[in-house]
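1. Sequence and computational prediction follow.
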Amino acid sequence: MPASRDYVDHILELLAPLGDVKARAMFGGWGLSLDGMTFALIADDTLYLKADDGNRARFVAEGLSPFVPFPDKPDQTMSYYPPPDAAFDDEGELIAWARLGLDAALRAAARKRPRRRPSP
């Protein structure tokens, strides 16, 4: 079931302290980005934040499970995790979790940038 636009708008409102977060429809869900970097997904009215080796342990320590895009293939996951339910009760806590996803997106972008060679 695709994410509802009302839920997407609600999440954008909650994440507004981060800056101008954009939502883009994709594959039946939504990608959330800031400054052109995707740091979160919404699927089935659930927010998922980008995870990598730098922050995955925080999500796992909370007992959270990664996003499974195809329910019939539970072994195929994506590196996006939901924030804890309690984060939705405290705007500051939700923003802190969202920043973890944003930090992962920044690290991914830094790895993709070509390195310049020094001029002779």
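-> That came in fine, so what should we check first?
2. hey, let's count contacts and neighbours off CA atoms from now on
-> OK.
3. Poorly predicted segments of the chain, please.
-> 1-3, 113-120 (pLDDT under 70).
4. For it, which segments count as strands?
-> 22-26, 29-34, 37-43, 46-50, 80-81 (DSSP state E).
5. Which residues are in contact with the closest residue to W97 other than its chain neighbours?
-> Closest residue in space to W97, ignoring its immediate chain neighbours: P83 at 6.3 Å, by Cα to Cα, 6 or more residues apart in numbering. Applying Cα atoms under 8 Å, 6 or more residues apart in numbering, we find P83 in contact with 47-49, 59, 64, 94, 97-98.
6. and of the strands of the chain, who's closest to K112?
-> Nearest of those to K112, taken as Cα to Cα: strand 37-43 at 11.9 Å.
7. L41: neighbour count?
-> By the criterion of other Cα atoms under 10 Å, L41 has 25 neighbours.
8. Would you confirm that it contacts A51?
-> No - the pair L41 / A51 is not scored as a contact, 11.3 Å apart, by Cα atoms under 8 Å.
9. any idea how far I95 is from P17?
-> 7 Å (Cα to Cα, to the nearest Å).
10. And those two? Which one has more around it.
-> Neighbours were tallied for P17 and for I95 using other Cα under 10 Å; the higher tally belongs to I95 (19 against 12).
11. Check which helices and strands the longest helix along the chain sits against.
-> Ranked by number of residues, the top helix in the chain under DSSP state H is helix 91-112. Secondary-structure packing of helix 91-112 (3 or more Cα pairs under 8 Å, 6 or more residues apart in numbering; DSSP states H and E): strand 37-43, strand 46-50.
12. Let's see that with 6 Å instead.
-> strand 37-43 (3 or more Cα pairs under 6 Å, 6 or more residues apart in numbering; DSSP states H and E).
13. Would you list the strands that the strand it packs on pairs with, along with their directions?
-> strand 29-34 (antiparallel), strand 46-50 (antiparallel) (DSSP bridges).
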